[in-house]
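Peer 1: Provide a 3D model corresponding to the input given below.
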Amino acid sequence: MSFSPSTVQVRSGTWNFHFEKHGTLFHDLTIESSNGTEVLGATAAQPGQSGDFTVTLGRGRYVMVCLEPGHRQAGMIGEVDVG
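Peer 2: All right, here's what the predicted structure looks like:
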């Protein structure tokens, strides 16, 4: 119940996020605004699959999270720092 890496550092601009799902549970990768009020991009993957999405990020800090029930609380959360 974690992302690897748990923190991603990028420059402002347009980025492709690639999500590979290992293990046995369904997960998603969602990028949210720092206060969690806006979803900027997301993809989901079954075990052994992957997904991609493209998002444009300005300077600041964003939340990387799995929105499956209970997964955020179990530690599936990280940061995207944009400089």
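Peer 1: Next one: the residue of the chain most remote from its centre relative to S33, how far apart?
Peer 2: In terms of distance from the mean C-alpha position of the chain, T24 ranks first, at 18.4 Å (C-alpha atoms, centre = their mean). Plainly put, T24 is 31 Å away from S33 if you go by C-beta to C-beta, to the nearest Å. Quick note: C-beta positions are derived from backbone N, CA and C, even for glycine.
Peer 1: How many residues are close by E20?
Peer 2: The number of residues packed near E20 is 11, by other C-beta atoms under 10 Å.
Peer 1: which helices and strands sit right next to the helix or strand of the chain with the lowest mean pLDDT?
Peer 2: Lowest mean confidence among the helices and strands of the chain (mean pLDDT, DSSP states H and E): strand 39-45, at a mean of 91. With contacts taken as 3 or more C-beta pairs under 8 Å, 6 or more residues apart in numbering; DSSP states H and E, strand 39-45 sits against strand 13-20, strand 27-32, strand 50-57.
Peer 1: Tell me which residues of the first one come out buried.
Peer 2: What that stands for is strand 13-20. W15, F17, F19 (16 or more other C-beta atoms under 10 Å).
Peer 1: Grab the nearest non-local neighbour of V65.
Peer 2: Once flanking residues are discounted, V65 sits nearest to I77: 4.8 Å by C-beta to C-beta, 6 or more residues apart in numbering.
Peer 1: Likewise for T24?
Peer 2: P47 (5.3 Å).
Peer 1: Ok, G23 next?
Peer 2: Nearest in space to G23, with sequence neighbours left out and distances taken as C-beta to C-beta, 6+ apart, is P47 at 6.1 Å.
Peer 1: Would you check how far apart that neighbour and F17 are?
Peer 2: 19 Å.
Peer 1: OK, contacts around S6?
Peer 2: Residues near S6 by C-beta atoms under 8 Å, 6 or more residues apart in numbering: G78, E79.
Peer 1: How about C66?
Peer 2: M1, F3, H27, D28, L29, T30, R72, M76, I77 are the contacts of C66 under C-beta under 8 Å, 6+ apart.
Peer 1: The residue nearest to G23 touches H22, doesn't it?
Peer 2: Yes - using C-beta atoms under 8 Å as the test, P47 is close enough to H22 to be in contact (7.4 Å).
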